[in-house]
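Visitor: Generate coordinates for the sequence data below:
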Amino acid sequence: MNIQLNKNEDTNKQLVYKLNERLKKVKLGGGEKKITSHHKKGKLTARERIDYLIDDPNDFLEIGAFAADGMYLDVGGCPSAGVVTGIGKIADRQCVIVANDATVKAGAWFPMTAKKNLRAQEISLENKLPIVYLVDSAGVFLPMQDEIFPDKEHFGRQFRNNAVMSSKGIVQIAAIMGSCVAGGAYLPIMADEALIVEGTGSVFLAGSYLVKSAIGENIDNETLGGASTHCEISGVTDNKFDNDEAALDAIKKIFDKMGNPENAGFNRSKSKLPQKELESIYREFPADRGIQYDMVEVIQCLVDNSGFEQYKESYGKSLICGYGRIDGWSVGIVANQRKVVKSKKGEMQMGGVIYSDSADKAARFIMNCNQRKIPLVFLHDVNGFMVGSRAEHGGIIKDGAKMVNAVSNSVVPKFSIILGSSYGAGNYAMCGKAYDPRLIFAWPTAEIAVMSGGSAAKTLLQIEIASAKARGRELTEEEQQAQFKKIEDAYNEKLSPYYAASRLWIDGIIDPIETRKVISKGIEMANHAPIEERMNVGVIQT
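Guide: Below you'll find the predicted structure:
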């Protein structure tokens, strides 16, 4: 057993090393040359601006670092979708920060840039957090305008969100630190306060070249829409500053004078570390999805003092439900058990599969957490719901629907961490992205898809064999093996957490020992938004 634990630790640490190496590359944005060019203009980079602005750069929780990773390669790529977003503290006040990265295509907006900006606004809206926009963008990436401009969740949605957020009393502060053109000009001006940096900041609906072609007027960009123009003539911006640092200092002063936020009243006591060393989580969790393990051991690496009180411990054993604390915060945990367990009827149940009794138990537990105002944490390592005649006759669809109903209508904040598998309807029942988790992160070991690569390859191969047979041809054994490998390899590439992160199906990939920090920050931000309604599950069969 110790050999397996050591193997788990080695594999997980290797995966974390690869994660950190990929993050280093992503954080270079457009690359060293672009950063140097940026500095020569007297400007800080997006990440440098954030580090200067927030109280503690090490306390910043980045959202979407891998957005657009591996995408748009035909035009040179778009690291982090050309914008840095996340949650940090300014003057001890938690907020969302959005900073255009002008080292990446001059901060132009790609389709994933829009999706990432909207995700940041969604976090601000859900949690009633102030939001800061550090604007430095050339506007829409014109070759892809049809994929970013006209639809509901495209570029224009952010301005609609500006207006909605303002109506809800959510503070929005913008600093124009570079280009701000065309439709993008509305974002900072719809904020509560718009600052601008002299010499580098500019804002206008049309730049000097377009003005010349449209109406024949000769004018330079600074006169058209620079800091002096907008602070002294148009009144579009509120105050101008000599450099990036001065503008960021002004934002700090704004935050320093804000009134205290409301809070939801989630229970928190003094934080305690788990009794187990944090790094023991690498040993307890196997990277190989075929190896059984006890999820309770993993939970004890995450909760304060390793204290975990199970709900209905002897019933519905393929799902673990229970209460604990993470960094002092009271939480309800729903997690998939990955070892074979014995059911109440003495039957053996496979690990990672949700059975009828487990789904029923989880639904009731979720309702209890809502009744007691306890945030929910979902730990995914799920293959899906049980299939077969016995499960169908036992009403697995009805019980699964009951759990999905409870997850859907839960009003306490939900947080999802994908440790291993997150397949099929199991992803839905465990509060996947479609079910509005306040945050959803994955470990490097995560896999997200309808089913595993092997299962998908077997299913698709059977279709290929049947199709060939219908054409009067039998596939040889060699052809079947080659086709199976081709399908499995293609499918496995899309199982990767990096594939999910690049498309913002998840908010990011984290080192497992960062899990406590992520959940704690999530509950802290959720605590800014009082719960204004009670859970109502609607029509649900008992």
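
Visitor: Phi and psi next, for residue 86.
Guide: The phi/psi pair for residue 86 (degrees, to the nearest 10) reads phi 170, psi -170.

Visitor: Grab the nearest non-local neighbour of it.
Guide: Nearest residue to residue 86, sequence neighbours excluded (CB to CB, 6 or more residues apart in numbering): residue 62, at 4.1 Å. For every residue, glycine as well, the C-beta is placed using N, CA and C.

Visitor: What of residue 534?
Guide: Residue 534 sits nearest to residue 411 (CB to CB, 6+ apart), 6.8 Å away.

Visitor: ditto for residue 201
Guide: residue 176 (4.1 Å).

Visitor: Then residue 203?
Guide: residue 180 (4.1 Å).

Visitor: With residue 201 as the reference, measure out to the one you found.
Guide: Residue 180 sits 7 Å away from residue 201, going by CB to CB, to the nearest Å.

Visitor: What strands line up against the host helix or strand of residue 320, and which way round?
Guide: Under the criterion of DSSP states H and E, residue 320 resides in strand 319-326. Applying DSSP bridges to the sheet, strand 319-326 is found paired with strand 309-310 (antiparallel), strand 329-336 (antiparallel).

Visitor: what's the shortest one in contact with?
Guide: By CB atoms under 8 Å, 6 or more residues apart in numbering, the residues outside strand 309-310 that reach it are 296, 320, 321, 322, 323, 324.

Visitor: Tell me the one among those residues nearest to residue 514.
Guide: residue 324 (17.8 Å; CB to CB).

Visitor: Quick one: residues contacting the nearest residue to the closest one once chain neighbours are set aside.
Guide: In this structure, residue 324 finds its nearest non-sequential neighbour in residue 303, 3.6 Å apart by CB to CB, 6+ apart. Going by CB under 8 Å, 6+ apart, residue 303 touches 274, 324, 325, 326, 331, 333.

Visitor: what's residue 168 sitting at in phi/psi?
Guide: Per degrees, to the nearest 10, the backbone of residue 168 is at phi -90, psi 0.

Visitor: Identify the residues contacting the lengthiest helix in the chain?
Guide: Longest helix in the chain, counting residues (DSSP state H): helix 2-26. Helix 2-26 has contacts (CB under 8 Å, 6+ apart) with 65-66, 69, 79-80, 279, 282-288, 291, 444-445, 498, 509, 511-512.

Visitor: among these, which ones are buried?
Guide: The neighbour count (16 or more other CB atoms under 10 Å) marks 65-66, 69, 79-80, 282-287, 444-445, 498, 509, 511-512 as buried among those.

Visitor: Can you list which of these are found in strands?
Guide: Secondary structure from DSSP state E places residue 509 of those in strands.

Visitor: Quick check: the residue nearest to residue 324 vs residue 325, distance?
Guide: Separation of residue 303 from residue 325 (CB to CB): 6 Å.

Visitor: Find the residues that touch each one of these two.
Guide: residue 331.

Visitor: SS state for the nearest residue to residue 97 once chain neighbours are set aside?
Guide: Distances taken as CB to CB, 6+ apart place residue 132 nearest to residue 97, at 5.0 Å, with adjacent residues excluded. What DSSP: H, G, I helix; E, B strand; the rest coil gives for residue 132 is strand.

Visitor: residue contacts, residue 289?
Guide: The contact partners of residue 289, by CB under 8 Å, 6+ apart, come to 420, 421, 445, 447, 452.

Visitor: right, I mislabeled it, should have said residue 335
Guide: Applying CB under 8 Å, 6+ apart, the residues near residue 335 are 295, 298, 299, 319, 320, 321, 378, 379, 381.

Visitor: still on that earlier bit, the residue nearest to residue 201 bridge partners, please.
Guide: Applying DSSP bridges, one finds that residue 176 bridges with residue 135, residue 196.

Visitor: Make sure it is actually in contact with residue 197.
Guide: Yes - counting by CB atoms under 8 Å, residue 176 touches residue 197, with 6.8 Å between them.

Visitor: In terms of neighbours, single out the busier of these two.
Guide: residue 176 (31 against 26; other CB atoms under 10 Å).

Visitor: picking up where we left off before, please flag which of the buried ones among the contacts of helix 2-26 sit within helices.
Guide: Counting by DSSP H, the buried ones among the contacts of helix 2-26 contribute 282, 283, 284, 498 to helices.

Visitor: Reformat those as JSON lines; add pLDDT.
Guide: Putting these into JSON lines (pLDDT from 0 to 100) gives the following:
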{"residue": "282", "pLDDT": "96"}
{"residue": "283", "pLDDT": "94"}
{"residue": "284", "pLDDT": "94"}
{"residue": "498", "pLDDT": "96"}
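
Visitor: could you dump those to CSV with distance to residue 167?
Guide: As requested, those are exported to CSV (distance: CB to CB, whole Å):
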residue, distance to residue 167
282, 47
283, 50
284, 47
498, 38
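
Visitor: now, among those, which is nearest to residue 27?
Guide: residue 498 (15.2 Å).

Visitor: I'd like the distance between the closest one and residue 23.
Guide: 11 Å.

Visitor: Please apply the same query to residue 399.
Guide: Using CB to CB, we find residue 399 at a distance of 40 Å from residue 23.
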